[in-house]
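Asks: What follows is a predicted protein model with its sequence.
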Amino acid sequence: QVQLVESGGGLVQAGGSLRLSCAASGRTFSSYAMGWFRQAPGKEREFVAAISWSSGNTYYADSVNDRFTISRDNAKNTVYLQMNSLKPEDTAVYSCATGAHWGPAIGAASSYEYWGQGTQVTVSS
């Protein structure tokens, strides 16, 4: 059974930074990608970033490109999302997911099989 546990969320002022972590356990993830998604109240789930466990290739949503950085530590089975220059519109529940294969659909939530419970990020103006 796969478990994904996010941490690192919180309250930060606009312009500040946070680093989210997603610890994975339960099986081998080397053939999969890990993604971060977010969902704000009243809005649909939105893709944020993804990384390939094996190659380290990354992919970002336009809204976070140049502000957010996704990385992974294969030895710890942990993926990170460094978020800089945060804006109030970044406020959302951030969830990590895995089980997707790297490809054109890596930004689609339907590509992922396993999800974490989410962590709240609130950016005040």
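Replies: Structure's in. What do you need? Numbers count the residues shown, from 1 in each chain.

Asks: count of residues packed around residue 100?
Replies: By the criterion of other CB atoms under 10 Å, residue 100 has 22 neighbours. Any C-beta I mention is one placed from the backbone N, CA and C, and that applies to glycine too.

Asks: was I right about it contacting residue 50?
Replies: Yes - Residue 100 is within contact range of residue 50, at 7.5 Å (criterion: CB atoms under 8 Å).

Asks: joint contacts of those two?
Replies: Taking CB atoms under 8 Å, 6 or more residues apart in numbering as the contact rule, residue 100 and residue 50 both touch 33, 35, 106.

Asks: Nearest to residue 121 among these?
Replies: Residue 121 has its nearest neighbour among the shared contacts of residue 100 and residue 50 in residue 35, at 15.9 Å by CB to CB.

Asks: So for the closest one, what's the nearest residue that isn't a sequence neighbour?
Replies: residue 50 (4.1 Å; CB to CB, 6 or more residues apart in numbering).

Asks: Could you list everything the one you found pairs with in the sheet?
Replies: Counting by DSSP bridges, residue 50 forms beta bridges with residue 35, residue 59.

Asks: One more: residue 71?
Replies: When bridges are called by DSSP bridges, residue 71 pairs up with residue 80.

Asks: same deal with residue 94?
Replies: Under the criterion used (DSSP bridges), residue 94 bridges to residue 38, residue 119.

Asks: burial count for it?
Replies: Using other CB under 10 Å, residue 94 has 24 neighbouring residues.

Asks: Low-confidence stretches in the chain?
Replies: Scanning the chain with the threshold set as pLDDT under 70 gives 28.

Asks: all strands for it, in order.
Replies: Ranges of strands in the chain, per DSSP state E, are 3-7, 10-13, 18-25, 33-39, 46-52, 58-60, 68-73, 78-83, 92-100, 114-115, 119-124.
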